[in-house]
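Undergrad: coords below, sequence missing:
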């Protein structure tokens, strides 16, 4: 089996390591774990002007393709961080999924049926490419100090900081940090150091994941089979990645012996039956059992958990890496406001509330999918089979077929949101993420709303429809309308936001809607900003 | 909506007979599959998760393993 693409990084000694434990260097933020979540968080914080130390216990990326589906929401975040276009360019863009029973297609779905969005519904991209592009971006940002082969081996919470003990090839040293964000994955060491449990459901069924290299005629769609002719009684998934690599996911059942099943000579005949030919090579083979579990709390004093370290789901639905990236985006602006003294640490309560509700939603969706794919009892299997058969002739049963409900951003029920006062026929409600729309500048240059949002410089943004430049304090106004800096030539902005002349959406620094007003007043906007910053006495 | 447990069929014997005849001559496995499909079809026709939930609770109270247990929930209808 050829080695997948591996990138090796060098350990470098840092002058912090010359200092004694008593005289340890102090940093505002230490992020532990340079996977997709940790790298993304470090970049977001750096772009907000903060110095970040990023530690990783390894010194290489590229052990298997692992996460491959990145959602529109993740791509919009990465676009704000300067790496989105590169990800899309390298990635395989897809939006159509098909579900088969035996040889017959039961139904197809389209994840982004409308135009006028900068980012596609999904791309497939090997995790090692995503990480490599993120590392390249990190290296452009002098605020980030990325230290490979720095393994956190101890953690001590003090009154106003955290002390980390770190092992390196040159021995142990210590760091102090105002805040530590643990992005150190499903087997998080930091979770153990704070004494947190990680409980949930383990699924008994085993799944074989193989990445095969071949040139093939299959369309760029997600294909999921129940009981396919080439893999009787089980399920299978086929998904395209860049470089002519295809992800194949085969259910093996609870009794399979992983040591035997993973041998290429045993995997090969299964894949040959599936593809109908022998002209392929293996890039990666792995056998998984899935777990759905989460930490009870994501914030432990000054240590904040994000991504797989905080919650784990089955892969059906692409909710693992994508939800971790949403965690990173959610915590970045909040930490930034706290570090700048613009908010108190109580703003982190909203991270806990918003992202643990999202984790619950992801666990619920992924558990339901896994239960449908791998029924627990004879009657559950009968029920599943009844749904699959009924799906051939009834619409209601089609909608019950569950081969994975793909990741959509959560709508936060959050104390940071100001409830609607006006009646809106459309548009993202408070707690939902902004929706993209195509616009034009005064010079007639095309620009997407998600790009224009960046003019806000990382603060609160007031999206305003067709009104003059009388600014509101505490936020950056973006005016859209005739004779305004941005024009809604397609009319899609007005349609997607149900805006009338003068209406405004207040967006948080992560692009989620904090409040919206048909007739905004300075005091109402200020109150909404105070509320979204968790300022004392701000919430009603 | 609340689960209706008053008699809704003008001719309940015919309704009972329809279900009985549907199962005539079927193996236990096929009978179980038929019931399963029927449950899904009728549940969708009702289209109300709360009614379904009440129906499940009523049906569960009839299980032999529950027969001796004193149910304090009473009749929800």
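TA: Yep, it's here. Just so it is clear, the structure is predicted and the values come from calculations on it, not from any experiment.
Undergrad: Next secondary structure after the longest helix anywhere in chain B?
TA: In chain B, assigned by DSSP state H, the helix with the most residues is helix B:28-46. Using DSSP states H and E, the helix or strand that follows helix B:28-46 in sequence is helix B:49-60.
Undergrad: what's the angle between that next one and helix B:28-46?
TA: Going by axes from the mean of the first three to the mean of the last three Cα atoms, to 10 degrees, helix B:49-60 is angled at 150 degrees with respect to helix B:28-46.
Undergrad: re earlier: in the longest helix of chain B, which residues are buried?
TA: Residues of helix B:28-46 classed as buried by neighbour count (16 or more other Cβ atoms under 10 Å in any protein chain shown): B:32-33, B:35-37, B:39-40, B:43-44. The way it works is simple: take the backbone N, C-alpha and C, and place the C-beta from them, glycine included.
Undergrad: Repeat that for stretch A:391-411.
TA: Buried, per 16+ other Cβ under 10 Å, within stretch A:391-411: A:391, A:397-398, A:400-411.
Undergrad: Now do it, average pLDDT.
TA: For stretch A:391-411, the mean per-residue pLDDT is 92.
Undergrad: Give me the distance between the two termini of that stretch.
TA: 30 Å (Cα to Cα, to the nearest Å).
Undergrad: For residue A:185, see how far away the residue sitting nearest the centre point of chain B is.
TA: Residue closest to the average C-alpha location in chain B (Cα atoms, centre = their mean): residue B:59, at 6.2 Å. According to Cβ to Cβ, to the nearest Å, residue B:59 stands 44 Å off from residue A:185.
Undergrad: same question, residue A:262
TA: 21 Å.
Undergrad: how about the residues of chain B that lie near chain A?
TA: B:32-33, B:36-37, B:40-41, B:44 (Cβ under 8 Å from any Cβ of the partner chain).
Undergrad: Just flag the most distant two among those.
TA: B:32 and B:44 (19.1 Å; Cβ to Cβ).
Undergrad: what's the span of stretch A:205-220 from first residue to last?
TA: Distance across stretch A:205-220, first residue to last, is 28 Å (Cα to Cα).
Undergrad: ok now it, how far from the chain's centre?
TA: Here stretch A:205-220 is found 23 Å from its chain centre; the criterion is Cα atoms, centre = their mean, to the nearest Å.
Undergrad: Okay, strands next: where are they in the stretch 201-350 of chain A?
TA: A:222-226, A:235-241, A:245-253, A:281-294, A:299-300, A:303-305, A:311-312 (DSSP state E, counting those that start in this stretch).
Undergrad: give me the low-pLDDT residue ranges for chain A?
TA: By pLDDT under 70, the low-scoring segments of chain A are A:1-5, A:468-470, A:538-540.
Undergrad: Also chain B?
TA: B:67-77.
Undergrad: what about 50?
TA: B:70-77 (pLDDT under 50).
Undergrad: sorry, back to before: can I get the strands of the stretch 201-350 of chain A in JSON lines including distance to chain B and mean neighbour count?
TA: Formatted as JSON lines, the strands of the stretch 201-350 of chain A follow (distance: least, Cβ to the nearest Cβ, whole Å; neighbours: other Cβ atoms under 10 Å in any protein chain shown):
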{"stretch": "strand A:222-226", "distance to chain B": "16", "mean neighbour count": "23"}
{"stretch": "strand A:235-241", "distance to chain B": "19", "mean neighbour count": "22"}
{"stretch": "strand A:245-253", "distance to chain B": "20", "mean neighbour count": "20"}
{"stretch": "strand A:281-294", "distance to chain B": "22", "mean neighbour count": "18"}
{"stretch": "strand A:299-300", "distance to chain B": "34", "mean neighbour count": "20"}
{"stretch": "strand A:303-305", "distance to chain B": "34", "mean neighbour count": "27"}
{"stretch": "strand A:311-312", "distance to chain B": "26", "mean neighbour count": "27"}
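Undergrad: Quick one: the helices in chain A, in order.
TA: So, for chain A - with DSSP H - the helices run A:36-47, A:72-80, A:84-90, A:127-139, A:189-193, A:258-261, A:264-275, A:320-339, A:347-373, A:378-390, A:395-398, A:449-452, A:492-497, A:522-532.
Undergrad: for these, which one ends up most surrounded?
TA: helix A:36-47 (a mean of 28; mean count of other Cβ atoms under 10 Å in any protein chain shown).
Undergrad: next one: that helix to chain centre, how far?
TA: Relative to the centre of its chain, helix A:36-47 is centred 12 Å away, using Cα atoms, centre = their mean.
Undergrad: Remind me what it packs against, helices and strands.
TA: strand A:25-32, strand A:52-55, helix A:72-80, helix A:127-139, strand A:144-147, helix A:320-339 (3 or more Cβ pairs under 8 Å, 6 or more residues apart in numbering or on different chains; DSSP states H and E).
Undergrad: ok so, going back, what's next to the longest helix of chain B, contact-wise?
TA: Contacts with helix B:28-46, where a contact means Cβ atoms under 8 Å, 6 or more residues apart in numbering or on different chains, come from A:379, A:382-383, A:385-387, A:389-390, A:394, A:396-397, A:400, B:19, B:22-23, B:26, B:52.
Undergrad: What parts of chain A come near chain B?
TA: A:379, A:382-383, A:385-387, A:389-390, A:394, A:396-397, A:400.
Undergrad: Show me chain A divided up by domain.
TA: Chain A breaks down by automatic domain parsing into domains covering A:7-90+A:126-199+A:293-365, A:438-532.
Undergrad: separation between residue A:403 and residue B:43?
TA: Taking Cβ to Cβ, one finds residue A:403 at 21 Å from residue B:43.
Undergrad: Over to residue A:285?
TA: 41 Å.
Undergrad: how many neighbours does the residue of the stretch 151-300 of chain A found nearest chain B have?
TA: Across the stretch 151-300 of chain A, the shortest distance to chain B (Cβ to the nearest Cβ) belongs to residue A:227, at 14.9 Å. Residue crowding around residue A:227 was assessed by other Cβ atoms under 10 Å in any protein chain shown; the count is 16.
Undergrad: got it, and residue A:105?
TA: Using other Cβ under 10 Å: residue A:105 sits among 12 other residues.
Undergrad: quick one: it and residue A:98 touch, right?
TA: Yes: between residue A:105 and residue A:98 a contact is recorded at 5.6 Å, counting by Cβ atoms under 8 Å.
Undergrad: Just give me the neighbour total for residue A:214.
TA: Close neighbours of residue A:214, defined as other Cβ under 10 Å, add up to 15.
Undergrad: Could you pull up the residues touching it?
TA: By Cβ under 8 Å, 6+ apart, the neighbours of residue A:214 are A:244, A:246, A:275, A:279-281.
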